[in-house]
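Colleague: sequence below, structure please.
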Amino acid sequence: MNEKKSKIVATIILVALLILFATLFVIKFFGPEDNWICEDGTWIKHGNPSSGMPTTPCESQVVGGDKDEHGCIGSAGYSWCEVKQKCLRSWEENCSN
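Modeller: You can find the predicted model right below:
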């Protein structure tokens with residue numbers, strides 16, 4: 001009986017290791033590691049990208065620098081409320097009278 005339990009434990013460990021190695025293999029060879037990243041206005045090579053450096057300008061996006069025509073910052077969740085004539089977050093304040 002003890003030998004049977006040992007075989008079951010060994011099989012479970014072997015299967016777990018196979019799953020771990022398969023996961024690492026997929027992440028290593030099929031993961032998003034090989035690409036170009038825009039950092040401080042410069043394209044930085046990350047890994048070994050299959051394509052050349054992008055030709056589009058690399059512009060640093062300032063957090064909160066996406067104001068719309070009313071001055072509402074969309075990335076912070078604000079949108080224009082015509083009724084109240086102000087920027088608000090719909091989950092914090094209802095846009096109605």
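Colleague: low-confidence ranges in this structure?
Modeller: Within the chain, the ranges that satisfy pLDDT under 70 run 1, 31-33, 60-65, 97.
Colleague: got the residue ranges for the helices in it?
Modeller: In the chain, the segments counted as helices under DSSP state H are 2-30.
Colleague: distance check, K5 against L14.
Modeller: Taken as C-beta to C-beta, to the nearest Å, the spacing of K5 relative to L14 amounts to 15 Å. No exception for glycine: its C-beta is placed from N, CA and C like everyone else's.
Colleague: ugh, wrong one, I meant N48
Modeller: Between N48 and L14 the computed distance is 32 Å (C-beta to C-beta).
Colleague: and for E39?
Modeller: Distance from E39 to L14, counting by C-beta to C-beta: 42 Å.
Colleague: with S96 instead?
Modeller: The spacing between S96 and L14, counted by C-beta to C-beta, is 62 Å.
Colleague: among these two, which residue is more densely surrounded?
Modeller: Taking other C-beta atoms under 10 Å, S96 and L14 do not tie; L14 has more neighbours (10 against 7).
Colleague: that one: what's it in contact with?
Modeller: Contacts for L14 (C-beta atoms under 8 Å, 6 or more residues apart in numbering) come out as none.
Colleague: for Y78, grab the count of nearby residues.
Modeller: Y78 has 20 neighbouring residues, counting by other C-beta under 10 Å.
Colleague: that one and L88 touch, don't they?
Modeller: Yes. Under the contact definition of C-beta atoms under 8 Å, Y78 touches L88, with a separation of 6.5 Å.
Colleague: strands along this structure, start to end?
Modeller: Taking DSSP state E, the strands of the chain run over residues 35-39, 42-46, 79-81, 86-88.
Colleague: gap between the closest residue in space to N48 that isn't next to it in sequence and L24?
Modeller: Residue nearest to N48 in three dimensions, not counting chain neighbours: D34, with 5.1 Å by C-beta to C-beta, 6 or more residues apart in numbering. As defined by C-beta to C-beta, D34 lies at a distance of 16 Å from L24.
Colleague: also E39?
Modeller: Computed with C-beta to C-beta, the distance linking E39 and L24 is 27 Å.
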